[in-house]
Structures are given as structure tokens and as C-alpha cells.
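**Student:** Predicted coordinates and the sequence they were generated for:
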Amino acid sequence: MNEILSTILFLIAVLDPIGSVPVYLEATKHFDAVHKRKIAVQASIVAFLILLVFILLGQIVLEGMNVSLDAFQISGGVILFLFALTMIFGDGKPEMEKHLITDYKHVTIFPVAVPSIASPGAIMAVVLMTDNHIYTIEQQALSTFLVLVVVGITCLLLLGANKVQERIGEYGITVISKIMGLILASYGVQSILTGIKEFFAH
């Protein structure tokens with residue numbers, strides 16, 4: 001149970017569902033309520049499918065390139081750490097991703113699904129979480145299901161985006177995003193240390 005809870009908390013940190021709310025509101029500001037709901041659901045489905053593709057194929061591609069597990073853990077940890085730093089010291093996820101919107105007519109895939117929900121950090125995280133050398137098929141299936149759960153939570157938050165922003169406020173959302181970045185940075189460092197330890201243990 002503790003493992004499931006820690007995995008959910010990690011996924012919430014890396015996907016940052018609350019941080020997607022202002023991005024979604026900005027991206028859909030020209031749409032009516034029906035289209036806004038449609039975009040929220042479709043973007044969540046697309047984001048999960050993208051993450052699922054990397055869960056299934058990410059490691060196969062890396063192993064095809066002869067990338068060792070240790071190198072992958074270290075590089076993955078570095079990427080997660082750098083991604084976390086942009087969340088902590090940058091303008092914050094909402095502000096960064098709002099600036100990516102150039103076409104308000106087609107926002108479902110970009111930027112709502114990618115990179116707001118399925119961010120580069122989230123993609124790297126799900127590949128690390130489903131490593132064939134470390135986790136059993138059952139553990140990987142559970143991790144995949146938990147990814148679906150957190151994407152589902154994100155979808156619900158987007159559907160109630162106006163109420164979420166009213167209650168928390170944009171400043172509050174930015175603060176939460178930075179806290180999520182701190183948690184993600186810790187995981188990135190842990191992954192780097194594990195990779196280095198395993199490399200020198202061989």
C-alpha cells in the first residue's frame with residue numbers, strides 16, 4: 001500500500017495536474033463549455049496514449065541503441081532533475097506553457113496533451129518506472145494503471161478548471177507547481193545516485 005501511495009504521489013509531482021489548469025483555461029478561452037469539456041477529455045486520452053507508447057516501447061528503443069541500465073538511470077535522473085529545476089526556479093509550469101500557445105483553434109494535442117500533461121519529465125519518469133530489469137510485469141502493469149489514475153485525476157481537474165482556479169488562485173497553483181518540482185528533483189537525484197552505485201558495483 002505504501003508503495004502504491006508513493007507511486008501516486010510521484011506521478012502527481014511529475015504530471016502536476018493542478019499546474020495544467022491555467023494552461024488549459026488559457027488554451028480554451030475562445031471555446032464554449034461543450035468544446036472545453038471535449039478538449040479536456042480528448043487531451044487526457046491523447047496524453048495517456050503517448051505515455052503508454054513510451055511505457056511499452058521506450059526501453060526497447062534504448063536497449064536497441066545499447067544503452068545500459070545504469071546509463072539510462074543516470075541520464076534519466078539528470079533530465080528529471082533539470083526539468084524539476086525549471087519548475088522550481090522558472091516562471092512556473094503554467095506561465096511557461098501558456099507562452100507555447102500560438103494557435104487557439106487547435107489546442108487539444110499541443111499544448112494541453114503535450115507538454116502540459118505528458119511532459120518530457122513525465123515521459124522519462126514512466127519509462128524509468130517500468131524498467132524490465134527492475135520491475136516485474138505485475139509491477140509494471142500496476143504502474144501503468146496508476147498513470148491512468150493520475151491522468152484521470154488531471155482530466156477531472158480540467159473539467160472543473162474554473163472552480164479549481166477560483167479556489168486556489170493562479171499564485172497558489174504556481175506555488176504548488178514549485179513544490180511538485182522539489183519532489184521531482186529529489187527523485188531525479190535518487191535515480192542518479194542509484195545508477196552510479198550500480199555502475200561501480202559491477
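**Tutor:** Structure's in. What do you need? Numbers count the residues shown, from 1 in each chain.

**Student:** and residue 143, how far is that from residue 64?
**Tutor:** Using Cβ to Cβ, to the nearest Å, residue 143 is found at 22 Å from residue 64. C-beta: built from backbone N, CA, C; applies to glycine.

**Student:** Mind checking which of those two has more residues around it?
**Tutor:** Neighbour count, other Cβ atoms under 10 Å: between residue 143 and residue 64, residue 143 has more, with 23 against 9.

**Student:** Residues in contact with the helix or strand that contains residue 153: which ones?
**Tutor:** If you go by DSSP states H and E, residue 153 is part of helix 137-159. The contact list for helix 137-159, computed with Cβ atoms under 8 Å, 6 or more residues apart in numbering, reads 4, 7-8, 11-12, 15, 17-18, 20-21, 24, 37, 40-41, 43-44, 47-48, 51-52, 55, 112, 117, 126, 129-130, 132, 135, 164.

**Student:** which of the residues you listed are buried?
**Tutor:** Buried by 16 or more other Cβ atoms under 10 Å: 7, 11-12, 15, 17-18, 20-21, 24, 40, 43-44, 47-48, 51-52, 55, 112, 117, 126, 129-130, 164, out of the contacts of helix 137-159.

**Student:** Please pull out the lowest mean pLDDT helix or strand from this protein.
**Tutor:** Across the helices and strands of the chain, mean pLDDT, DSSP states H and E gives its lowest value to helix 93-98, namely a mean of 66.

**Student:** What's the first helix or strand after it?
**Tutor:** Next helix or strand after helix 93-98 toward the C-terminus (DSSP H and E): helix 120-129.

**Student:** ok, residues contacting that next one?
**Tutor:** Identification of contacts with helix 120-129 by Cβ under 8 Å, 6+ apart yields 7, 10-11, 14-15, 50-51, 54-55, 58-59, 62, 72-73, 76, 79-80, 83-84, 135, 140, 143-144, 147, 184, 187, 191.

**Student:** before we move on, what about stretch 64-74?
**Tutor:** With contact meaning Cβ under 8 Å, 6+ apart, stretch 64-74 is reached by 59, 62, 75, 128, 131, 133-134, 191-192, 194-196, 198-199, 202.

**Student:** Mind checking which of the contacts of helix 120-129 are buried?
**Tutor:** By 16+ other Cβ under 10 Å, the contacts of helix 120-129 give 7, 10-11, 14-15, 50-51, 54-55, 58-59, 62, 72-73, 76, 79-80, 83-84, 140, 143-144, 147, 184, 187, 191 as buried.

**Student:** just the angle between the lengthiest helix in the chain and helix 120-129, please?
**Tutor:** If you go by DSSP state H, the chain has its longest helix at helix 161-201. If you take axes from the mean of the first three to the mean of the last three Cα atoms, to 10 degrees, helix 161-201 sits at 50 degrees to helix 120-129.

**Student:** what about helix 161-201, average pLDDT?
**Tutor:** Mean pLDDT, helix 161-201: 90.

**Student:** Could you do stretch 61-81 as well?
**Tutor:** Stretch 61-81 shows an average pLDDT of 83 in the prediction.
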